[in-house]
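1. sequence and predicted structure are below.
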Amino acid sequence: MDQAAPHTVSSLAYDLRVLGIVPGDVLLLHSSYRSLGFVAGGTEAVVRALLDALGPEGTLVVPTHTPDNTDPAGWRHPPVPEAWWPVIREQTPGFDPARTPSRWMGAVAETVRTWPGARRSNHPQVSFAALGAHAADIVEGHRLDDALGEHSPLGAVYRLDGKVLLLGCDHSSNTSLHLAEWRQAAAPRAVTGSAVRLPDGTSRWSTWTDVVTDEDDFHQLGADFEATGATTTGRVGGATARLMRQRALVDFATAWMAANREQ
């Protein structure tokens with residue numbers, strides 16, 4: 001059994017500062033809580049450490065996506081019977097930023113989502129939550145038909161010259177790479193849909209057209225970006241952490257996709 005001392009708010013905050021996080025940063029976090037090892041205070045301690053490192057002028061951003069609020073006709077892991085599709089579309093409660101939990105985003109992201117003062121964007125599939133000085137600027141105006149583009153929280157983080165932290169996870173979780181997809185001249189598009197909440201509290205299935213995501217090459221793209229030396233790698237708790245400027249990442253990925261993907 002590992003006899004190392006438990007990680008704490010103060011020790012994690014120290015690790016984050018050594019990695020390169022400074023007060024006032026806008027930080028987009030992707031994380032695996034399990035990778036940190038034992039933390040005294042659990043996910044609450046992790047969020048407190050992040051907020052301590054960022055300071056009162058900083059902003060913490062996390063993905064709070066809801067991939068189960070998508071068209072069941074496209075579900076593959078696992079698929080559901082076609083006879084279920086109309087029921088799912090008609091009966092799924094419309095996305096509510098205050099109530100709808102994220103799914104597969106991790107325990108730290110869920111802790112941020114429910115933190116006092118957290119703000120959440122209104123996209124029924126790929127919302128983000130934010131805490132701190134720029135929270136409202138980041139989550140407002142998240143358009144249905146620009147899910148991960150310029151009018152999304154990713155675009156806001158780019159404009160604010162924010163950073164990306166991969167905490168115990170790899171580039172397959174690096175959502176900012178999707179912003180580069182949205183910037184491609186001939187990005188493939190398709191119709192998608194979700195249950196949305198109407199002002200009167202009722203739900204309606206809505207459809208729209210947007211860019212089709214593709215993470216298949218994110219591992220290679222991430223490796224090529226890291227080879228430029230633009231990523232700082234270190235330890236936070238028991239996790240391998242990668243810190244990068246989002247603008248450098250997205251600009252590199254935009255050019256990389258134009259050169260390496262079939263248009």
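-> Nice, I can see it. Residues are numbered from 1 along each chain as shown.
2. host element of the closest residue to S206 other than its chain neighbours?
-> Leaving aside its sequence neighbours, S206 sits nearest to V196 (C-beta to C-beta, 6 or more residues apart in numbering; 4.8 Å). For glycine as for every other residue, the C-beta is placed from the backbone atoms N, C-alpha and C. Counting by DSSP states H and E, the element that carries V196 is strand 189-197.
3. the helix or strand following that strand packs against which elements?
-> Going down the chain from strand 189-197, the next helix or strand is strand 203-211, by DSSP H and E. Packing partners of strand 203-211 (3 or more C-beta pairs under 8 Å, 6 or more residues apart in numbering; DSSP states H and E): strand 189-197.
4. what mean pLDDT does the strand it packs on have?
-> The pLDDT scores in strand 189-197 average 95.
5. just the buried positions in that strand, please.
-> Buried residues in strand 189-197, counted by 16 or more other C-beta atoms under 10 Å: 192-197.
6. what angle separates that strand from strand 203-211?
-> Angle, strand 189-197 to strand 203-211, by axes from the mean of the first three to the mean of the last three C-alpha atoms, to 10 degrees: 150 degrees.
7. for burial, what's the neighbour tally of W85?
-> Close neighbours of W85, defined as other C-beta atoms under 10 Å, add up to 14.
8. can you tell me the element it falls in?
-> Secondary structure (DSSP H and E) places W85 in helix 85-91.
9. residues in contact with that helix: which ones?
-> 71-73, 80, 193, 195, 205 (C-beta atoms under 8 Å, 6 or more residues apart in numbering).
10. just stretch 140-147 next, same as before
-> If you take C-beta under 8 Å, 6+ apart as the criterion, stretch 140-147 is touched by 121-128, 149, 151-153, 155, 182, 206, 208-211.
11. picking up where we left off before, now the contacts of helix 85-91 in CSV, with distance to V139?
-> Shown next, in CSV, are these (distance: C-beta to C-beta, whole Å):
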residue, distance to V139
D71, 24
P72, 27
A73, 29
V80, 31
G193, 22
A195, 20
W205, 24
